[in-house]
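J.: below is the sequence, then the predicted model.
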Amino acid sequence: MDSGYSAAAATAGGGMHVVICPLLAFGHLLPCLDLAQRLVSRGHHVSFVSTPRNISRLPPVRPALAPLVSLVALPLPRVEGHPDGSESTHDVPHDRPDMVELHLRALLTGLPRPSMIG
């Protein structure tokens, strides 16, 4: 798993840098990972953001595409009333998108400006 970002990888070949933050459910994670690989196969760099546990459950990125896919682990904050380690829609309430927003903003502060966030 690559939790960092290489600016050189994103700029090589002039491709875009796309940040993908799928909804925390495998019905969204797997199609978004497929989208990430399709974008990378066209020369773009993708930062795929999800929780550490969800990233560890993803199928591997095709080896030829892996250098341009950064899997970025974004731990969710502890939420009172929820068990530790809540990392999926089964554990996180749908009416609390703000739980992820602050951590996503902090993450984006450390990355080069993305061309698109999906």
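T.: Now that the structure is in, tell me what you want to look at.

J.: pretty sure residue 28 sits against residue 22.
T.: Yes: the criterion here is C-beta atoms under 8 Å, and residue 28 meets it with residue 22 at 4.3 Å. Just so you know, the C-beta spots here come from the backbone N, C-alpha and C atoms, and that holds for glycine as well.

J.: what about the two, which has more around it?
T.: residue 22 (20 against 14; other C-beta atoms under 10 Å).

J.: could you find the closest non-adjacent residue to the more buried one?
T.: Spatially, and ignoring its direct neighbours in sequence, residue 22 is nearest to residue 32 (3.8 Å; C-beta to C-beta, 6 or more residues apart in numbering).

J.: and the one you found, helix, strand or coil?
T.: Following DSSP: H, G, I helix; E, B strand; the rest coil, the label given to residue 32 is helix.

J.: wait, it touches residue 47, no?
T.: No: in this structure residue 32 lies outside contact range of residue 47 using C-beta under 8 Å: 11.8 Å.

J.: which one of those two is surrounded by more residues?
T.: Ranked by neighbour count (other C-beta under 10 Å), residue 32 and residue 47 place residue 47 first, with 24 against 19.

J.: could you say which helix or strand holds that one?
T.: Residue 47 is part of strand 45-50, with elements assigned from DSSP states H and E.
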